[in-house]
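K.L.:
below: sequence and its predicted model.
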Amino acid sequence: MIFSVERSTVKLSPAPAFLSVVFVSFISMRLLAQVAPGVQEIDRTRLNQQVTAYETAPNTAVIIVHTFAEEKPVSLDRSARVDLTNLGNHLGFFLTVPGRDSAVFTNTALGTYTVSVTAVGYISASHTISVLSPAKQDVEIVLHRDPGAVTLNEATGLLSRKAQKEANRAVSLLKSGDLSKAEKHLKAAYVSAPSSADLNFLLGYLYFQKNDYAQAETYLGTAASLSPNSAQTLTLLGRTKLAVQNYPEAQSALKQAILVDSEEWLAHDVLANAYLHQKEFSKALDEARVAVAKSARYGKDASAAAELTLGQALIGVGQKNEGIQALRVFLDGSPPKNMIEPVHALIARAEESNQPQAAGSEITTSPDPLMAVPKPVLSMQTWRPLDIDDIKPTIEPGVICPCAQVLAKTGQRVQELFQDITRFTAEENLFHKSLDGVGLSNYAETRKYTYAAAISSKPGSVLIEDYSQDRVPQHGSPDGIASTGFVMLALVFHPEMQSDFDFDCEGQGKWLGKLTWLVHFRQRPDRPNRMQDYNFAGNVYRIDLKGRAWISSGTSQIVHIEADMVNPVHEIQMLSQHQVVEYGPIPFARKSTMLWLPKNVEIYFDFGKHRYYRHYTFDNYMLFDVDASEKVKLPPDTTLSGPTSSTQRSPD
């Protein structure tokens, strides 16, 4: 029988509210207030004011610069600096414009110009334009967020409307660098919600930026206690402890951060620094090597900072030549200007040393590697992880992936999963949350269901019947949205589905310490989409998927898989959808059976100006005593769905 899967039919309705979000990034950005030589600041009254005509001198042009975040037509949510530089005389002007506004330059002489845009938390971008006639010229520039951005810690409790309003205002001010006003609003929010991990983190972040490390320690320590699994909170707490030379407590916080997220290179780098100050050079070297390897994914600038720590650690253990080489790699990057001369001096001291092992605190602790690590800055979209293509995974060097073999064996395992999904029932626990403008919860609830699934056949196709039944009477679905089928994301690798996707075996990495093959997949545009679509107001919109799977090198089982939409669907305001599914072995003692089944599912989706997060877990698995010819009996009103997400919103 030919295997095929019908796409999910999804009915959605627009949501009434608008929400926006933020990221926290540890990548530096130059201050917007700096004015370079030869640059003149233009009065803010000349900013774009939604007009259709502009006054300009004879034989001059009007240049309008439109800035977008990630893609058009998404506007920036923060201020940006826009520079216009005449390449003929190297003179220019700049505007600092609020988010969502365009920069308007009038009285622009004819010639060739460079347009550059800088915003906190984004990578700067520039275009060269030619102004050939006295007319209006529009320039569109898309900024992309820092690849090193990490998510803001989720709220441990709900905030009152007043506290939420104050927190939102504070984050907006923090993103624009106005620390004094942000402090006022954060303290106002904190009065009514002192046990909020988010507010404590933001206050700690604010005081860290102000170099008030005593205050930062207090709030970050509280945030870490309230949310002990936040790697970014623990890392910033470790940096704060290091800044006040409390090395033992810095090491403790950073070790905990690494336990939470071993892929976070900055925690390894700062921990190596703490070991350097304690003259524990071997430990410093181990952490520095990990930091260099893991920071490479974020580009040359990030890995160069880790190379400085590595160089000092190598010198500390007596590997002088290797250490000097690492220091030169640091200098070949884009180091802070105030670090260049001290690093050259360090190299000179190491070269001049007659000791066979040039170790010693006078060599290894100056300059302080922490000076090369930029302070954290706020970026956007804390509510969801980065897109699957925005992070380059860590790959074991020199290991060649046998792609065809991996796909073949994984396909066999997914065929087993396809059959096993009908053999069990489990308690399904749902945590649902809607998010406000800065990634804080404004509504959350939990639900419990009984989960089961079965295979159903139609001529020429096989389908998954996936349903959840309320364990106690519950009215409707959270926020009127019902989601099904996400547990079967692994069916991308089913032998009969593989031809619909392009696969790239990126190499061998690790998941939870175990070796895995990392396989990237993407829907082929020339093949039918049999995984997911949305039905909105009678129209069907195809949702092409891309993602990455971590596949056990030993068993060929999928242990972790993530997927994103290839493109947003602006017609229905479906801007993003991120799915995460974890699979693992589930033992059934009564039958002495072990099945590989879904264990955790996370869904992040941005639809109709709402952001939602859902987390499904499963427990109390029970094995059906049926054979392959039998089916689980489903309720008569069960809706047939495809293998991935089916989301339906009830009428508002």
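P.N.:
Cool, got the structure.
K.L.:
could you point out where the stretch 301-450 of the chain is predicted with low confidence?
P.N.:
Scanning the stretch 301-450 of the chain for pLDDT under 70 picks out the ranges 301-303, 354-366, 374-383, 436-442.
K.L.:
strands of that one, start to end?
P.N.:
377-379, 424-435, 441-458 (DSSP state E, counting those that start in this stretch).
K.L.:
out of these, which gets nearest to E166?
P.N.:
Of all the strands of the stretch 301-450 of the chain, strand 441-458 sits nearest to E166, with 13.6 Å by Cβ to Cβ. Bear in mind the C-beta positions are built from the backbone N, C-alpha and C, glycine included.
K.L.:
now the helices: where do they sit in the stretch 301-450 of the chain?
P.N.:
Ranges of helices in the stretch 301-450 of the chain, per DSSP state H, counting those that start in this stretch, are 320-332, 337-352, 361-364, 403-420.
K.L.:
mind listing what's buried along the strand or helix carrying I586?
P.N.:
Assigned by DSSP states H and E, I586 belongs to strand 574-588. Of all the residues in strand 574-588, those buried under the rule 16 or more other Cβ atoms under 10 Å are 574-583, 586.
K.L.:
of these, which is the nearest to N168?
P.N.:
L575 (19.8 Å).
K.L.:
state the phi and psi torsions of R423.
P.N.:
Here is the backbone geometry of R423 (degrees, to the nearest 10): phi -100, psi 0.
K.L.:
sorry, back to before: following element in sequence after the strand holding I586, please.
P.N.:
strand 593-607.
K.L.:
strands paired with that following strand, and their directions?
P.N.:
Sheet pairing here is set by DSSP bridges, and for strand 593-607 it gives strand 574-588 (antiparallel), strand 610-623 (antiparallel).
K.L.:
a markdown table please, covering those strands and showing distance to D500 and mean pLDDT.
P.N.:
As requested, the strands paired with strand 593-607 are exported to a markdown table (distance: least, Cβ to Cβ, whole Å; pLDDT from 0 to 100):
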| stretch | distance to D500 | mean pLDDT |
| --- | --- | --- |
| strand 574-588 | 17 | 88 |
| strand 610-623 | 25 | 84 |
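K.L.:
closest to C505 out of the ones you listed?
P.N.:
That would be strand 574-588 among the strands paired with strand 593-607, by Cβ to Cβ, at 18.7 Å.
K.L.:
how far off centre is the closest one?
P.N.:
Strand 574-588 sits 17 Å away from the centroid of its parent chain (Cα atoms, centre = their mean, to the nearest Å).
K.L.:
just the CA trace of it, in CSV.
P.N.:
Provided in CSV are the C-alpha atoms of strand 574-588 (Å, rounded to 0.1, in the frame of the first residue of the first chain):
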residue,chain,number,x,y,z
MET,A,574,0.9,33.7,11.1
LEU,A,575,4.4,35.1,11.6
SER,A,576,6.2,32.2,13.2
GLN,A,577,5.8,28.7,14.6
HIS,A,578,8.5,26.8,16.4
GLN,A,579,8.0,23.1,17.4
VAL,A,580,10.2,21.1,19.7
VAL,A,581,9.7,17.4,20.3
GLU,A,582,11.7,15.0,22.5
TYR,A,583,11.5,11.3,22.3
GLY,A,584,12.9,8.6,24.6
PRO,A,585,12.5,5.0,25.8
ILE,A,586,9.4,4.2,27.9
PRO,A,587,9.5,0.9,29.8
PHE,A,588,6.3,-1.1,30.3
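K.L.:
777 is where my numbering starts, stick with that
P.N.:
Okay, using 777 as the starting number, the last item reads as strand 1350-1364.
K.L.:
and it with strand 1200-1211, angle?
P.N.:
Note on geometry: by axes from the mean of the first three to the mean of the last three Cα atoms, to 10 degrees, strand 1350-1364 and strand 1200-1211 are set 150 degrees apart in direction.
K.L.:
pretty sure S936 contacts V967?
P.N.:
No. S936 is beyond contact range of V967, at 10.4 Å (criterion: Cβ atoms under 8 Å).
K.L.:
after whichever strand or helix holds G1014 comes which helix or strand?
P.N.:
Assigned by DSSP H and E, G1014 falls within helix 1007-1019. Later in the chain than helix 1007-1019, the nearest helix or strand by DSSP H and E is helix 1023-1036.
K.L.:
so the very next helix or strand once past that next one versus helix 1023-1036, what angle?
P.N.:
Using DSSP H and E, the helix or strand that follows helix 1023-1036 in sequence is helix 1041-1053. Per the same axes, to 10 degrees, the angle that helix 1041-1053 makes with helix 1023-1036 is 150 degrees.
K.L.:
so how far is V850 from the most centrally placed residue in the chain?
P.N.:
The residue lying closest to the centre of the chain (Cα atoms, centre = their mean) is L1162, at 2.7 Å. In this view, L1162 and V850 are 16 Å apart by Cβ to Cβ, to the nearest Å.
K.L.:
kindly report the same for M1307.
P.N.:
25 Å.
K.L.:
likewise for A837?
P.N.:
Counting by Cβ to Cβ, the gap from A837 to V850 is 27 Å.
K.L.:
what about those two, which has more around it?
P.N.:
Using other Cβ atoms under 10 Å, the more surrounded residue of A837 and V850 is A837, with 23 against 15.
K.L.:
what residues does the more buried one make contact with?
P.N.:
By Cβ atoms under 8 Å, 6 or more residues apart in numbering, the residues touching A837 are 884-886, 907, 909-913.
K.L.:
just E1204 next, same as before
P.N.:
1224-1227, 1244, 1392-1394.
K.L.:
export the residues you listed to CSV and tack on distance to T843 and neighbour count?
P.N.:
Converted to CSV, those look like this (distance: Cβ to Cβ, whole Å; neighbours: other Cβ atoms under 10 Å):
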residue, distance to T843, neighbour count
K1224, 46, 13
Y1225, 45, 19
T1226, 50, 15
Y1227, 45, 20
S1244, 43, 19
Y1392, 38, 23
T1393, 41, 16
F1394, 44, 20
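K.L.:
export the residues you listed to TSV and tack on distance to P1271?
P.N.:
Compiled in TSV, those are given as follows (distance: Cβ to Cβ, whole Å):
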residue	distance to P1271
K1224	35
Y1225	31
T1226	31
Y1227	26
S1244	28
Y1392	27
T1393	29
F1394	26
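K.L.:
max pairwise distance over these: which two?
P.N.:
Spatial extent of these (Cβ to Cβ) is set by the pair T1226 and T1393 at 13.8 Å.
K.L.:
hmm, back to that, how near is the residue nearest to the centre of the chain to A1067?
P.N.:
For L1162, the distance to A1067 - Cβ to Cβ - is 19 Å.
K.L.:
please apply the same query to E942.
P.N.:
37 Å.
K.L.:
who has more neighbours out of the two?
P.N.:
Neighbours were counted for E942 and for A1067 using other Cβ under 10 Å; A1067 has more, 29 against 23.
K.L.:
what's the angle from the helix or strand that contains the more buried one to helix 1041-1053?
P.N.:
Using DSSP H and E, A1067 falls within helix 1057-1071. With the same axes, to 10 degrees defining the directions, helix 1057-1071 sits at 160 degrees from helix 1041-1053.
K.L.:
model confidence over helix 1057-1071, on average?
P.N.:
For helix 1057-1071, mean pLDDT rounds to 86.
K.L.:
same deal with stretch 1331-1340?
P.N.:
95.
K.L.:
give me the buried stretch members for that stretch, please.
P.N.:
Quick answer for stretch 1331-1340 (16+ other Cβ under 10 Å): 1332-1340.
K.L.:
also stretch 1267-1277?
P.N.:
1267-1270, 1272-1274, 1276-1277.
K.L.:
what about those, which are in strands?
P.N.:
Among these, the members falling in strands (DSSP state E) are F1277.
K.L.:
ok, the helix or strand that contains V1295: who's next to it in the sheet?
P.N.:
Using DSSP H and E, V1295 falls within strand 1290-1299. Here strand 1290-1299 is paired, per DSSP bridges, with strand 1277-1287 (antiparallel), strand 1321-1328 (antiparallel).
K.L.:
report the inter-axis angle for the shortest one versus helix 1179-1196.
P.N.:
Interaxial angle of strand 1321-1328 relative to helix 1179-1196 (the same axes, to 10 degrees): 90 degrees.
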